[in-house]
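J.: sequence and predicted structure are below.
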Amino acid sequence: MTKKINLFANLKSDFASGLVVFLVALPLCLGIALASGAPLFSGIISGIIGGIVVGYLSQSHLSVSGPAAGLTAIVLTAITDLGSFTAFLLAVLIAGIIQLILGFLKAGTISNYFPNNVIEGMLAGIGVIIILKQIPHAFGYDPDFEGDESFFQPDGENTFSEIFHIFNHVQMGSIVIALISLAILILWNKVDFLKKIKLVPPALVAVIVSILLNEFFIQSGSNLAIAKEHLVSLPVPTTFEEFKNIIVYPDFASITNSKVWIVAVTIAVVASIETLLCIEAADRMDAQKRYTNTNVELKAQGIGNIISSLLGGLPMTSVVVRTTANNTAGAKSKMSAIIHGVLLLVSVLAIPSILNKIPLATLAAVLLLVGYKLANPKTIKHFWDKDKIYQFIPFIFTFGAVVATDLLKGVALGMVINIIFILIGNSKRAYNFKIEDYHEGDIIHIDLAQEVSFLNKSAIKDTLNKIPENSKVVINANATVYIAHDVLDLIREFKKIKAKELNINVKLVGFKEAYNLENSDGYQNTVTIEHKYNVLKRKLETIENKNIIFK
């Protein structure tokens, strides 16, 4: 039974964090819509629905949903191929229905198979991406859209080459405002009397100061004044007719178009995977270690995408950047995500002209600290200290691949590397045997593990091939629950054919009757006594040799 949550229990901290997420989400919603070739308000609509509807339906306490950078290429291509934005909205509607079905089919459980080192590698990689992508905005160079997470950018540059161009486009006003904003954000959590002010988040203070400062630069005619193209750019409807045109509806006449269904399936799959990855990451961030029902999450995302499409909004996923900003700002419950959605709705209707005075450099400062939280060097050190092979290598490969490609490709490579290391690890853990410990006359003991799969066949075959002639071997399956047929055939063939050729005495212990392998009854005690006798005999010989030398 799910425990009922009081959404208003932590209203003070949730309102402050919701305000921070709102400030971060606003330019991201606009930037992703712009990059997707969709109307700018479609991104805002998606953010509002992701906050209010998905935020309410989801069981995640930290996750924030909205338009995702990972879908921009799919959306841009789909709108072009389908010929209209309204036909694309129908594909989003169908994608939402597919996600709803996946939730009822309990497809969300696949998130349990995402290893922690891959999730942490993904988060660290996104942290570095955020830092690298926001550096140009902090310098007043804004050709790449806000929220871009891909290595190769639409403007023909990449994450690294973009940084080198900023030296030819430095805007001193943006640098000043970015530095002042960073100072406010950092000092707010270090100065005692400021730390006690919980209701007003430092990000809001930084935004207000930056607006006032830039207005002063403009009024005084200073060359530090930040031009309009370096500010938030939200469309402002001036008439009721313009406002009414913001809401567009799906073109249901395109239901017979096969391309619509292909786009729908693509969006449903990609959006679901990104959501499940983010939910796993959100649960990892949660200081209270609360776990989200991922099947409920898929249903919530499905309903969110259905409603978003009916109002002319972009498809959405749970988003790592907004989720991290939410956690960093001190969110305690999902009320924070709902508040961010309400603030988006109210502000775009009531104060769009004020929002358009926010410098992008200020928001870059907020995101730079979010990126640092994700890419904290302590995380890398943690995996290095934990296990340099089985944990660190998949982590660092995921980290590097996310930075050099994008989220999904990076995670896919990390999963492949992780699986390879699991296979290697399993092959080594299938049994206990060391040929270097063997002395002539000993009884060789091979103790099989609890589970022996076909993946262990190669290693076991190699071990059996190394057993010397005229040996005595005991293969013990007393602790084994499952043995693959491939391995059973290998053991059977070794005992009946190769062992006879090499005069190897093979005894099988603890094998189930269903395996059709004849156990050697009463042999275990005999071999144990014989083994102990041989060990004692060697010790006596050693003592005797020492006595001879002493004499």
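T.: Happy to help now that I have it. Numbers count the residues shown, from 1 in each chain.

J.: which stretches of the stretch 151-300 of the chain form helices?
T.: Secondary structure of the stretch 151-300 of the chain (DSSP state H, counting those that start in this stretch): helices located at 159-165, 172-188, 192-195, 202-219, 240-244, 258-285, 294-310.

J.: winner for burial among the ones you listed?
T.: Mean neighbour count (mean count of other Cβ atoms under 10 Å) peaks for helix 294-310 among the helices of the stretch 151-300 of the chain, with a mean of 25. C-betas here are computed from N, CA, C, even on glycine.

J.: residue boundaries of the helices in the stretch 401-550 of the chain?
T.: All helices of the stretch 401-550 of the chain, identified by DSSP H, counting those that start in this stretch, fall at 407-428, 457-465, 485-493, 499-501, 523-550.

J.: just to revisit the earlier point, out of the helices of the stretch 151-300 of the chain, the one nearest Lys461 is which?
T.: Smallest distance to Lys461 across the helices of the stretch 151-300 of the chain (Cβ to Cβ): 37.3 Å, for helix 258-285.

J.: that closest one packs against which elements?
T.: Helix 258-285 sits against helix 72-82, helix 85-104, helix 116-138, helix 294-310, strand 316-318, helix 320-328, helix 407-428, with contacts defined as 3 or more Cβ pairs under 8 Å, 6 or more residues apart in numbering; DSSP states H and E.

J.: including distance to Ile163 and mean pLDDT, could these go into JSON lines?
T.: Converted to JSON lines, the helices and strands packed on helix 258-285 look like this (distance: least, Cβ to Cβ, whole Å; pLDDT from 0 to 100):
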{"stretch": "helix 72-82", "distance to Ile163": "21", "mean pLDDT": "94"}
{"stretch": "helix 85-104", "distance to Ile163": "33", "mean pLDDT": "98"}
{"stretch": "helix 116-138", "distance to Ile163": "6", "mean pLDDT": "93"}
{"stretch": "helix 294-310", "distance to Ile163": "34", "mean pLDDT": "97"}
{"stretch": "strand 316-318", "distance to Ile163": "27", "mean pLDDT": "97"}
{"stretch": "helix 320-328", "distance to Ile163": "19", "mean pLDDT": "94"}
{"stretch": "helix 407-428", "distance to Ile163": "20", "mean pLDDT": "83"}
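
J.: isn't Thr362 up against Val176?
T.: No: Thr362 is not in contact with Val176 according to Cβ atoms under 8 Å; the separation is 10.9 Å.

J.: Leu212 and Ile180: what is the separation?
T.: 11 Å (Cβ to Cβ, to the nearest Å).

J.: now swap in Ala227 and tell me
T.: For Ala227, the distance to Ile180 - Cβ to Cβ - is 18 Å.

J.: cool, Phe240 as well?
T.: Noted for Phe240: a distance of 40 Å to Ile180, by Cβ to Cβ.

J.: kindly report the same for Phe104.
T.: Using Cβ to Cβ, Phe104 is found at 51 Å from Ile180.

J.: low-scoring stretches of the stretch 251-400 of the chain, by residue?
T.: For the stretch 251-400 of the chain, the stretches with pLDDT under 70 are 387-388.

J.: can you rerun that using 80?
T.: 382-383, 385-390 (pLDDT under 80).

J.: what is the helix or strand where Leu19 lies packed up against?
T.: According to DSSP states H and E, Leu19 maps onto helix 11-35. Using 3+ Cβ pairs under 8 Å, 6+ apart, the elements in contact with helix 11-35 are helix 40-49, strand 65-67, helix 72-82, helix 202-219, helix 320-328, helix 335-350, helix 360-374.

J.: let's see that with 10 Å instead.
T.: The contact analysis (3 or more Cβ pairs under 10 Å, 6 or more residues apart in numbering; DSSP states H and E) places helix 11-35 against helix 40-49, strand 65-67, helix 72-82, helix 202-219, helix 320-328, helix 335-350, helix 352-355, helix 360-374.

J.: list the buried residues in that helix.
T.: Neighbour counts over helix 11-35 (16 or more other Cβ atoms under 10 Å) mark 11, 13-35 as buried.

J.: relative to Ile339, how far out is Val346?
T.: 10 Å.

J.: hey, what's in contact with both of the two?
T.: Phe22 (Cβ atoms under 10 Å, 6 or more residues apart in numbering).

J.: compare those two (neighbour count), which wins?
T.: Between Val346 and Ile339, Ile339 has the larger neighbour count (other Cβ atoms under 10 Å), namely 24 against 12.

J.: hmm, the more buried one is touching Lys12, no?
T.: No: judged on Cβ atoms under 10 Å, Ile339 makes no contact with Lys12 at a distance of 11.3 Å.

J.: indicate which one of the helices and strands packed on helix 258-285 is closest to Phe216.
T.: helix 116-138 (19.8 Å).

J.: what's the closest non-adjacent residue to Ala68?
T.: Thr317 (4.2 Å; Cβ to Cβ, 6 or more residues apart in numbering).

J.: separation between the one you found and Leu62?
T.: Note on Thr317: its distance to Leu62, by Cβ to Cβ, is 15 Å.

J.: burial measure for the closest residue to Gly31 other than its chain neighbours, as a count.
T.: In space, and not counting its chain neighbours, Gly31 is closest to Glu146: 3.2 Å by Cβ to Cβ, 6+ apart. Using other Cβ under 10 Å, Glu146 is surrounded by 24 other residues.

J.: can you check the one 3 residues further on too?
T.: Neighbours of Glu149 under the rule other Cβ under 10 Å: 24.

J.: what of Asn465?
T.: 9.

J.: residue contacts, it?
T.: Applying Cβ under 10 Å, 6+ apart, we find Asn465 in contact with 494, 498.

J.: distance-wise, check it relative to Asn505.
T.: Separation of Asn465 from Asn505 (Cβ to Cβ): 17 Å.

J.: and Asn327, how many neighbours?
T.: Asn327 has 25 neighbours, counted by other Cβ under 10 Å.

J.: please give me every residue in contact with the nearest residue to it once chain neighbours are set aside.
T.: Nearest residue to Asn327, sequence neighbours excluded (Cβ to Cβ, 6+ apart): Met285, at 4.6 Å. Shown in contact with Met285 (Cβ under 10 Å, 6+ apart): 61-63, 123, 320, 323-324, 326-328, 331, 373-374.

J.: so how far is Ser111 from Met285?
T.: For Met285 relative to Ser111 (Cβ to Cβ), the value is 15 Å.

J.: now Ile273
T.: Distance, Ile273 to Ser111, by Cβ to Cβ: 9 Å.

J.: repeat that for Ile49.
T.: For Ile49, the distance to Ser111 - Cβ to Cβ - is 23 Å.
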